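1. give the three-dimensional model of this entry:
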Amino acid sequence: MKYAVSLFFGLILGAIAAIAVIVFNPLTLSQSKAMSNADMAFDYSMGAAWISTHSNRLNVPVVPKGSQLLFENGIRGSLLSSMPLQGQSGSAAAAGTRITVPSSDSEFLRSGLLVDDYWLISMPGAGTFFVHAVNNQWPLVRDTVVWVDLLNRKWSGSGQYDPTRGPAAAGARVVGLTGTLKNLRGVAQEHMSVDAYSGSFGALQGRLTIKSDASSN
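-> Next up, the predicted model:
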């Protein structure tokens, strides 16, 4: 009987320890640093997206309402969105299309919940450029989906997140494609904020900052 009781409490303590490691593991936290002397900065809001669709596995509004979901096997689990990007003056400066897919390099206990973000950004009169970011979304998911949706806790305060982890050492990779931006090479960092959450990421806002290699030399 003593053995059974000891085994039971051992399993309980083991489960609690495992949950603590998953939730509070410092290896799964975002490790990006704020970018100084950025050449460009673009603000976006998921609530202002022109198009947003996925496979109905995400707490992200589908825009326009009733749009076709991503049901095919090759793209299930992905998020496709298109949105206006605001410049530092507050006016629309570019149009951004982003595809988010689960990263094949994700090892949850060591790196968190990694996704690959592929941006195509078009700036009227300037050209287009491509951004590939590896982002750790675990802190965001932990504070919203886990705490609020699964544990039924109320959202409090404001969440601030710096998810960029690569693929370059200094952040996401930036490559110019057309127009005056065709020779652009650089890095990018993303910052996200959530001021309200009740089962949807419609209030999520973000900023994508770009720094060219030329300005780093």
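2. contact partners for Ala176?
-> Quick fix: residue 176 is Gly, not Ala. With contact taken as Cβ atoms under 8 Å, 6 or more residues apart in numbering, Gly176 is in contact with 127-130, 182-185. Using the backbone N, CA and C atoms, a C-beta is placed for each residue, glycine as well.
3. can you flag the buried ones in those?
-> For the contacts of Gly176, a burial check counting by 16 or more other Cβ atoms under 10 Å picks out 127-129, 184.
4. now do Ile121 against Leu181, distance only.
-> Summarising the geometry, the distance separating Ile121 from Leu181, computed by Cβ to Cβ, to the nearest Å, is 9 Å.
5. which one of the two has more residues nearby?
-> Between Ile121 and Leu181, counted using other Cβ atoms under 10 Å, the more crowded position is Ile121 (25 against 20).
6. and stretch 151-159, how far apart are its ends?
-> Using Cα to Cα, to the nearest Å, the end-to-end distance of stretch 151-159 comes to 17 Å.
7. count of neighbours near Asp213?
-> Asp213 has 12 nearby residues by other Cβ under 10 Å.
8. whoops, I mixed them up, Glu190
-> Using other Cβ under 10 Å as the criterion, the residues surrounding Glu190 number 24.
9. tell me what it is bridged to.
-> The residues paired with Glu190 through beta bridges, assigned by DSSP bridges, are Leu208.
10. verify the stated contact: it with Arg165.
-> No: in terms of Cβ atoms under 8 Å, Glu190 does not count as a neighbour of Arg165; the distance is 10.3 Å.
11. now for these two: what residues contact both?
-> Asn135.
12. show me the contacts for Leu80.
-> If you count contacts by Cβ under 8 Å, 6+ apart, then Leu80 has 51-54, 70, 97-100 around it.
13. now do the strands in the protein.
-> For the chain, the strands defined by DSSP state E cover 40-45, 51-54, 79-86, 92-102, 114-123, 127-136, 159-161, 164-166, 172-176, 185-194, 204-212.
14. mind putting those strands in a markdown table, distance to Val145 included?
-> Below are the strands of the chain laid out as a markdown table (distance: least, Cβ to Cβ, whole Å):
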| stretch | distance to Val145 |
| --- | --- |
| strand 40-45 | 20 |
| strand 51-54 | 14 |
| strand 79-86 | 14 |
| strand 92-102 | 15 |
| strand 114-123 | 14 |
| strand 127-136 | 15 |
| strand 159-161 | 12 |
| strand 164-166 | 19 |
| strand 172-176 | 24 |
| strand 185-194 | 12 |
| strand 204-212 | 12 |
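15. just the ones you listed: most buried one?
-> Per-stretch averages of neighbours, counted by mean count of other Cβ atoms under 10 Å, single out strand 164-166 among these, with a mean of 23.
16. what does the average pLDDT come to for it?
-> Model confidence over strand 164-166, given as mean pLDDT, is 90.
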